[in-house]
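Student: Turn this into a model:
(one chain, ligands or ions: 1)
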Amino acid sequence: MAEQDWFVDNNGLIRQSAMSEGDSNSMVSGAPSYRLYRFLTELEDILIRISDDALRLQAIVPLVRKLIDHADWIQMLPLQPDPDTGWAVSMLYDEPFFPLTIQLVAWAPGITSPIHNHATWGLVALLSGQEKNTIWQRSPTAEHPDRIEVRDHCVLNPGDILCLMSDAIHNIEAIGDQPTISFNLYGETDYDRRLEFDPIQNTAEIF
Ligand SMILES: [Fe+2]
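Tutor: Numbers count the residues shown, from 1 in each chain. Model (predicted):
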């Protein structure tokens, strides 16, 4: 099945495009692995050159696809969900004053995440397993300004990439019988705007 790119805007709308052969930045045969430092350099160039988040994500997707296609070490890192919590995170890069989050995340089968936004642009590339994303949109009332309702769903398969704008609201569920492993990349989080939502109580809280 062709790899898919998904894009969730601030209103929860999903757009989808299938990757075609050759869309990925191909590499010369015999070239060294796509090193993390090259990825970071090219990523920083994009962030300096492009200020619009949607355009940034569009420009970053091919880099991430090249990384997951050509950096074999990423697939080899041992990461398993914690048996107590059902999830685990492994930071791949963390540098003061270069406020990016780059990590691998594992979820155990059947685990569902809280409903949240990221308060920054974000990108998730699924490496293994199968991840169902439920996309929510705000549906405020006078009484409940943080009310949300389901807008859409998408299922990520290995090789698929999901882009999230800063106010996109989602939660994930690891479906299938294998843990999910994903490569996650986020910009600089605005912690005052990062929220977890409760669709039963119609509330949202900073987390
Ligand atoms: Fe998320």
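
Student: What's the separation between the most centrally placed residue in the chain and residue 16?
Tutor: Most central in the chain under CA atoms, centre = their mean is residue 124, positioned 2.3 Å from the mean C-alpha point. As judged by CB to CB, to the nearest Å, residue 124 and residue 16 stand 14 Å apart. For every residue, glycine as well, the C-beta is placed using N, CA and C.

Student: what comes up buried for the lengthiest helix in the chain?
Tutor: Criterion DSSP state H: the longest helix present in the chain is helix 53-70. Residues of helix 53-70 classed as buried by neighbour count (16 or more other CB atoms under 10 Å): 53, 56-57, 59-70.

Student: out of the residues you listed, who's nearest residue 133?
Tutor: Closest approach to residue 133 among the buried residues of helix 53-70 (CB to CB): residue 57, at 15.5 Å.

Student: correct me, but that closest one touches residue 124?
Tutor: No - counting by CB atoms under 8 Å, residue 57 stays clear of residue 124, with 11.2 Å between them.

Student: still on that earlier bit, tell me which element the residue nearest to the centre of the chain is part of?
Tutor: Taking DSSP states H and E as the definition, residue 124 sits inside strand 122-128.

Student: Just the residues contacting the next helix or strand after that strand, thanks.
Tutor: Downstream of strand 122-128, the first helix or strand assigned by DSSP H and E is strand 130-138. By CB atoms under 8 Å, 6 or more residues apart in numbering, the residues outside strand 130-138 that reach it are 6, 8, 11-12, 14, 107, 115, 124, 146-157, 162, 168-176, 178, 180, 182, 197, 199.
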